[in-house]
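Asks: Need the 3D shape of this:
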Amino acid sequence: MDDTDYTVDKPERIASILRDLDHKLTLVSVRLEQEGPLYNSALVRLDPDQRLLYLDELTPSEGHQKAQPETEIRVFASLRGVAVRFSTRIQQVEQEADGALYACPYPETLQYLQRRDTFRVHIPLSQRPVVELHTDHLPAPVQGEMVDLSAQGMCVEMALDVADQLEPGTTLRFENLMLPDVSERLSGDVRLANCRRSARDGHTNVGLHVIGISQWLERQFNVALLFYQREARRRAME
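Replies: This next block holds a predicted model:
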């Protein structure tokens with residue numbers, strides 16, 4: 001896909017897209033400032049009569065502390081592999097048994113971004129799964145630790161001397177990946193998108209984009225993403 005946007009401004013079409021997103025806590029990212037960090041949230045439910053959408057409490061907790069009534073927010077989601085984004089505002093913060101919800105008016109416009117671009121969740125050091133990577137460019141499989149995960153990709157920390165042997169665009173295969181709340185080991189093909197510095201000496205973080213991701217594999221990733229989001233929220237409330 002290319003990086004072309006198109007804008008939806010018909011209220012009935014916007015409502016239809018939101019209905020498509022509204023299934024079993026669709027995970028989203030929320031930005032409170034123009035250049036600020038992304039926070040994790042979820043679309044909890046819709047009120048089509050009042051044209052309100054309800055977002056879950058932001059994590060990490062500093063996001064929730066900033067989320068006040070009348071705060072303008074930018075929401076990023078993924079619908080069948082296509083990025084969806086829109087702006088709205090927090091009309092009201094409501095407290096429920098499981099935490100806070102943000103009631104927000106339906107957006108007046110909504111953008112589709114024609115690329116697989118979606119939110120990521122950071123994985124704490126103690127919970128990082130091991131990823132086994134295979135490629136013809138290396139004499140043997142290598143292992144790395146998953147640093148973050150999205151619905152269509154992952155970031156893996158690996159030894160710098162190994163990463164230096166790989167070029168952007170290299171195709172690899174991940175195997176034997178165990179994710180939380182997922183009942184079987186996962187495998188698939190990925191393309192090396194980028195490398196960035198790791199906090200650990202002698203290591204680098206490698207961004208991997210899943211090639212031709214199936215709906216089934218994307219669902220398994222989303223199951224794990226929901227687990228990590230719940231864990232982040234739990235830690236924030238301790």
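
Asks: can I get the CA coordinates of stretch 126-138 in CSV?
Replies: Taking C-alpha atoms only, stretch 126-138 is exported to CSV below (Å, rounded to 0.1, in the frame of the first residue of the first chain):
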residue,chain,number,x,y,z
SER,A,126,10.3,-9.4,32.7
GLN,A,127,7.6,-10.4,30.2
ARG,A,128,9.5,-10.2,26.8
PRO,A,129,8.9,-13.3,24.7
VAL,A,130,11.8,-14.9,22.9
VAL,A,131,11.6,-14.7,19.1
GLU,A,132,13.4,-17.3,16.9
LEU,A,133,14.4,-15.8,13.5
HIS,A,134,15.5,-17.7,10.4
THR,A,135,17.1,-16.2,7.2
ASP,A,136,19.3,-17.4,4.4
HIS,A,137,21.6,-14.4,5.2
LEU,A,138,22.7,-16.1,8.5
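
Asks: hey, where'd the helices end up in this structure?
Replies: Ranges of helices in the chain, per DSSP state H, are 11-21, 61-66, 160-163, 215-237.

Asks: what about the shortest one, distance to the chain center?
Replies: Relative to its chain's centre, helix 160-163 lies at 26 Å (CA atoms, centre = their mean, to the nearest Å).

Asks: what does the longest one give?
Replies: Centroid separation between helix 215-237 and its chain, computed with CA atoms, centre = their mean, is 9 Å.

Asks: helices and strands around it, which ones?
Replies: strand 26-31, strand 38-47, helix 61-66, strand 120-122, strand 142-150, strand 186-197 (3 or more CB pairs under 8 Å, 6 or more residues apart in numbering; DSSP states H and E). Backbone N, C-alpha and C define where each C-beta goes, glycine included.

Asks: Now render these as TSV, adding mean neighbour count, distance to residue 134 and mean pLDDT.
Replies: Formatted as TSV, those follow (neighbours: other CB atoms under 10 Å; distance: least, CB to CB, whole Å; pLDDT from 0 to 100):
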stretch	mean neighbour count	distance to residue 134	mean pLDDT
strand 26-31	22	29	87
strand 38-47	19	31	91
helix 61-66	16	38	88
strand 120-122	17	24	80
strand 142-150	20	8	93
strand 186-197	16	9	92
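
Asks: Any idea which of those gets closest to residue 129?
Replies: For those, distance to residue 129 was read as CB to CB. The smallest value, 4.9 Å, belongs to strand 142-150.

Asks: what are the bridge partners for residue 53, then?
Replies: Bridge pairing for residue 53 (DSSP bridges) gives the partners residue 46, residue 104.

Asks: whoops, residue 197 was the one
Replies: Going by DSSP bridges, residue 197 forms beta bridges with residue 204.

Asks: Right, I'll leave it there.
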